[in-house]
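Novice: Quick one: sequence and predicted model below, then my questions.
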Amino acid sequence: MTHTTMKAIQLRAPGGPEVLELVDLPMPEPGPGTVRVKAHAMGAGGPDVLIRNGTYKWMPPMPAIPGNEMAGVVNAIGPGVRELVVGQRVLVSARELPQRGGCYAEYICVPAAAPFALPDSVSFDDAVSLGNFQLALALLASNGNLPARSILVPGAAGGVATALVQAAVGGIGLWIAGVPFAALLTALMFLLAVAQVGAAPVLVCATVWLYWSGSAGWGTFLLVVAVVAGGLDNVLRPILIRQGAADLPLLLIFVGVIGGLLAFGLIGIFVGPVVLAVTHTLLRAWLYGETTQSTK
């Protein structure tokens with residue numbers, strides 16, 4: 001059965017999520033030197049939001065189809081194409097196309113040189129996240145391909161905040177269980193959590209030490225704390241990202257944790273970052289006039 005139309009997400013004018021429409025469009029046909037890719041997975045990211053609200057630097061003309069990543073299979077090839085074959089697994093990145101967007105559709109036609117061949121070991125769902133690495137490589141190459149001596153990470157997407165909570169919960173558990181050097185171990189848990197290792201290594205070692213010391217009850221208690229602290233990241237990260245907690249700089253939270261720990265002890269893990277976060281927010285509002293306005 002030959003399809004003459006396809007489904008796509010399209011917007012006719014910038015705006016909120018309500019401007020996105022599910023539409024039927026004519027099936028694109030590959031011309032000379034181009035191929036048609038059938039979508040199996042699509043990526044969703046920040047550039048798609050910028051296209052939707054009309055602020056993207058490489059804004060496609062209206063009506064526009066958002067979407068910068070698509071993984072699928074080559075469905076048809078145009079005359080003169082030798083690089084790809086029908087049925088081949090590929091990743092389409094709009095960064096390789098004449099204009100951005102276009103991937104929120106069942107099919108897309110692109111130049112034959114644009115898609116990246118996908119090995120069978122890479123799933124379609126995983127492939128659409130590879131655009132993040134493509135962007136990272138592009139940023140590293142933006143200095144004229146000179147060796148990078150340092151990299152600045154201005155935000156942590158909520159990871160530092162969740163690391164702070166994990167370390168605090170684990171630190172309180174260590175203190176209650178009577179584990180020596182609880183403050184030092186709490187700082188170590190925070191560093192491990194920031195590095196996405198988590199607080200579990202420290203808590204598990206402390207639990208083993210308690211059992212070995214004959215404190216089976218406290219060991220069981222700390223084991224429960226370890227399970228709770230380890231699961232906090234999956235619960236807190238989406239909440240913090242949705243509430244905008246990811247806007248605080250990594251260095252600010254880190255300095256707050258270390259400074260608070262040195263000044264106030266274990267409770268300083270909470271006090272330090274809160275004081276610096278409030279000061280940071282008020283200072284930005286005073287310098288740049290950033291205020292929160294309610295909308296009806």
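Specialist: Ah, there it is. Numbering: from 1, shown residues only.
Novice: can you list the weak-confidence ranges in the stretch 101-250 of the chain?
Specialist: Filtered on pLDDT under 70, the stretch 101-250 of the chain yields the residue ranges 132-164, 194-196, 231-250.
Novice: which residues in it form strands?
Specialist: 107-111, 116-117 (DSSP state E, counting those that start in this stretch).
Novice: With only the CA atoms kept, save the longest one in PDB.
Specialist: Listed in PDB are the C-alpha atoms of strand 107-111, where the atom choice follows Å, rounded to 0.1, in the frame of the first residue of the first chain:
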ATOM      1  CA  TYR A 107       9.100  10.900   7.100                       C
ATOM      2  CA  ILE A 108      11.800  13.400   6.100                       C
ATOM      3  CA  CYS A 109      13.800  13.900   2.900                       C
ATOM      4  CA  VAL A 110      17.400  14.900   3.400                       C
ATOM      5  CA  PRO A 111      20.600  15.100   1.300                       C
END
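Novice: Grab the nearest non-local neighbour of Ala117.
Specialist: Closest residue to Ala117 apart from its sequence neighbours, by C-beta to C-beta, 6 or more residues apart in numbering: Val90 at 5.9 Å. For the C-beta atoms, the positions are set from N, CA and C on the backbone; glycine is no exception.
Novice: hang on, that neighbour in a helix?
Specialist: No. Per DSSP: H, G, I helix; E, B strand; the rest coil, Val90 lies outside any helix segment and is strand.
Novice: So which residues of the stretch 51-200 of the chain form helices?
Specialist: Using DSSP state H, counting those that start in this stretch, the helices of the stretch 51-200 of the chain run over residues 124-127, 130-141, 159-177, 182-194, 200-212.
Novice: tell me the most buried of the strands of the stretch 101-250 of the chain?
Specialist: For the strands of the stretch 101-250 of the chain, the largest average neighbour count (mean count of other C-beta atoms under 10 Å) is found in strand 107-111, namely a mean of 21.
Novice: ok, now which ones touch Val90?
Specialist: Residues near Val90 by C-beta atoms under 8 Å, 6 or more residues apart in numbering: Val37, Ala71, Gly72, Val73, Val74, Leu84, Pro115, Phe116, Ala117, Leu118.
Novice: go again using 6 Å as the cut-off
Specialist: Pro115, Ala117, Leu118 (C-beta atoms under 6 Å, 6 or more residues apart in numbering).
Novice: quick one on the thing from earlier: distance check, the residue nearest to Ala117 against Glu96.
Specialist: Distance of Val90 to Glu96, computed by C-beta to C-beta, to the nearest Å: 11 Å.
Novice: bridging residues for Gly72?
Specialist: As for beta bridges, Gly72 partners with Ala39, Val90 under DSSP bridges.
Novice: Would you check how far apart it and Gly214 are?
Specialist: From Gly72 to Gly214 the distance is 60 Å (C-beta to C-beta).
Novice: out of the two, which sits in the busier spot?
Specialist: Gly72 (26 against 9; other C-beta atoms under 10 Å).
Novice: pretty sure that one contacts Ala41?
Specialist: No. Gly72 sits out of contact with Ala41 when judged by C-beta atoms under 6 Å, with a separation of 7.2 Å.
Novice: And for stretch 215-229, what's in contact with it?
Specialist: Gln166, Val169, Gly170, Gly173, Ala177, Ala199, Ala200, Leu203, Ala206, Thr207, Leu210, Tyr211.
Novice: One more pass at 7 Å, please.
Specialist: Stretch 215-229 has contacts (C-beta atoms under 7 Å, 6 or more residues apart in numbering) with 166, 169-170, 173, 177-178, 199-200, 203-204, 206-207, 210-211.
Novice: what comes up buried for that stretch?
Specialist: In terms of neighbour count (16 or more other C-beta atoms under 10 Å), stretch 215-229 has its buried residues at Ser215, Trp218, Gly219, Phe221, Leu222, Leu223, Val225, Ala226, Ala229.
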